[in-house]
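> how does the following fold in three dimensions:
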Amino acid sequence: MADSPVVSMIIALIVLIGASAYFSSSETAMMALNRYRLRHLAERGHRGARRAQKLLDRPDRLIGLILLGNNFVNILAAQIFALLTLELVGEGGLIASTLVLTAVVLIFAEVMPKTLAALHPERVAFPSSWLLGVLMVALYPLVWLLNQITNRLLALFGVSSVGRAEDPLSREELRTVVKEAGAMIPQKHRQMLFGILDLENVTVEDIMVPRAEIYGINLEDEWADIADQLETCHHTRVPCYSGSIDNVEGVLHMRRVTRLLRADEFGIEDLRGILHDPYYVPLTTDLYVQLLNFQKARQRIAFVVDEYGDIVGLVTLEDLLEEVIGEFTTDPQIYVRDVYPQDDGSFLVDGSANIREINRAYGFGLPSDGPKTINGLIIETLEDIPITGTTFRVGDITVEIVQTLEKSVKTARLTTSGERSPAAGDWLDESPSG
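Presented below is the predicted three-dimensional model:
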């Protein structure tokens, strides 16, 4: 055989290895594409994304085409290399040539192109989708026949060849997607997204104002006291009751009473006449459902009742929204009510402070599946009303009782045992806030 055929075979061999690298990289790149980003780009009119999405609509055909082309060029390359070996070395070099070709194919037609495609799937998949589309049309009869045989064999094992819809992302998977977005989504926005995803994991009980802290107007008080309370009230909506909060008569919207206070004839009966009917919600309602209920009932404030129908707290639409966007406050350094960071790294905490809010804002790992307040946690842990100066540990947090009342803990000091105390704003992104 003359030198010209040898050169031709070498050139053909190089072309075939390049074609094998193309098919290998195309397969990896197409399978590595982010389906959600691909759909987004396709909807925005990206041509490469549209071509790739169309090919991926039938992955069995796409894989059949790629493997058909890849195996064809690899086998043809092996035949040509064998002929080239016989021409240059003879039969004694066939075994060595097999090893050489295997190494060449693995490095230049498999590992390198697939690694590149895995690292940059869009850069490889979008341009290659054009040629794959042309090959799909040209080789469709062979691809169809190959798929028919394959699908029939798969059917014997109970595997359907019909493409199924993509599995929807779970809440935890969505959290991971948001977290992995990194700098693409500002931290505050990520916190809001985490808050939305956690709405179904949090109940009304977790965010309600406890019964003992409900601000309201006792309609059995002297009218002068009630009028003075109305004039100095800083709330937009105020519960009104007779004797105790158990006897709620309604909710007063302060906007309606401001004008009437100027009238001399305005009295207690007039006040009762402008009250809105109270709205009650169960203790265990999750926040997502409660948000819908507020919207459906056109309410912004609700009394929380337990299984016996007793009022145990109060929840507002603002409380619920704070779970998504954070605390409404004019001081950016204050993240949780009744929590006061100290210069020594400890935190003075009011006994009524909500454990979940503390965990969420300061990164503490206090247990929140039981009592909802610091006072409740201390009493449940010690099984007694502690005296001032009592100290104990909860995980890696030291709790010191600073001030007590007759029946509860008024103030406690929390100190972490780590190298530093968590700073305000160190939000826990890895798991639902607890």
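> quick one: buried residues of stretch 249-257?
Glu249, Gly250, Val251, Leu252, His253, Val257 (16 or more other C-beta atoms under 10 Å). Bear in mind the C-beta positions are built from the backbone N, C-alpha and C, glycine included.
> report the contact partners of the third one.
Contact criterion C-beta atoms under 8 Å, 6 or more residues apart in numbering gives Arg237, Val238, Pro239, Cys240, Leu275, His276, Asp277, Pro278, Tyr279, Ile301 as the residues in contact with Val251.
> wait, is the third one part of a strand?
Yes: in this structure, Pro239 lies within a strand as judged by DSSP: H, G, I helix; E, B strand; the rest coil.
> residues in a beta bridge with the closest residue in space to Asp338 that isn't next to it in sequence, which ones?
Once flanking residues are discounted, Asp338 sits nearest to Asp350: 3.3 Å by C-beta to C-beta, 6 or more residues apart in numbering. Note on Asp350: beta-bridge partners by DSSP bridges are Thr411.
> keeping just the C-alphas, turn the lowest-mean-pLDDT helix or strand in the chain into CSV.
None of the helices or strands of the chain scores lower by mean pLDDT, DSSP states H and E than helix 171-180, at a mean of 75. The C-alpha trace of helix 171-180 is given here as CSV (Å, rounded to 0.1, in the frame of the first residue of the first chain):
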residue,chain,number,x,y,z
ARG,A,171,-39.7,22.3,49.6
GLU,A,172,-36.3,21.2,50.9
GLU,A,173,-35.0,20.9,47.3
LEU,A,174,-36.3,24.4,46.6
ARG,A,175,-34.4,25.6,49.7
THR,A,176,-31.2,24.1,48.3
VAL,A,177,-31.8,25.8,44.9
VAL,A,178,-32.3,29.2,46.6
LYS,A,179,-29.2,28.7,48.8
GLU,A,180,-27.1,27.6,45.8
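> list the contacts of Val209.
Here Val209 is in contact with Gly313, Leu314, Val315, Thr316, Asp319 (criterion: C-beta under 8 Å, 6+ apart).
> and the residues you listed, which are buried?
Buried by 16+ other C-beta under 10 Å: Gly313, Leu314, Val315, Thr316, Asp319, out of the contacts of Val209.
> just those residues now: which is nearest Pro127?
Within the buried ones among the contacts of Val209, the smallest distance to Pro127 is 52.7 Å, found for Asp319 (C-beta to C-beta).
> need the three-state assignment for the closest one.
Per three-state DSSP, Asp319 ends up helix.
> just the pLDDT for Asp344.
pLDDT recorded at Asp344 is 85.
> need the contacts of Val209 in JSON lines with distance to Arg61 and secondary structure, can you?
JSON lines is the format used below for the contacts of Val209 (distance: C-beta to C-beta, whole Å; DSSP: H, G, I helix; E, B strand; the rest coil):
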{"residue": "Gly313", "distance to Arg61": "59", "secondary structure": "strand"}
{"residue": "Leu314", "distance to Arg61": "61", "secondary structure": "strand"}
{"residue": "Val315", "distance to Arg61": "55", "secondary structure": "strand"}
{"residue": "Thr316", "distance to Arg61": "56", "secondary structure": "strand"}
{"residue": "Asp319", "distance to Arg61": "54", "secondary structure": "helix"}
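> what would those residues look like in CSV with distance to Leu119 and pLDDT?
Conversion of the contacts of Val209 to CSV gives the following (distance: C-beta to C-beta, whole Å; pLDDT from 0 to 100):
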residue, distance to Leu119, pLDDT
Gly313, 53, 91
Leu314, 55, 93
Val315, 50, 92
Thr316, 50, 90
Asp319, 47, 85
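> Glu380 is in contact with Pro367, correct?
No: contact criterion C-beta atoms under 8 Å: Pro367 and Glu380 do not qualify, at 9.3 Å.
> quick one, which of those two is more surrounded?
Pro367 (14 against 11; other C-beta atoms under 10 Å).
> next one: phi and psi at the more buried one?
Per-residue torsions, Pro367: phi -60, psi 130 (degrees, to the nearest 10).
> repeat for Leu219
phi -70, psi -10.
> just give the nearest non-adjacent residue to it, would you?
Nearest one to Leu219, counting by C-beta to C-beta, 6+ apart, is Ser242 at 5.1 Å.
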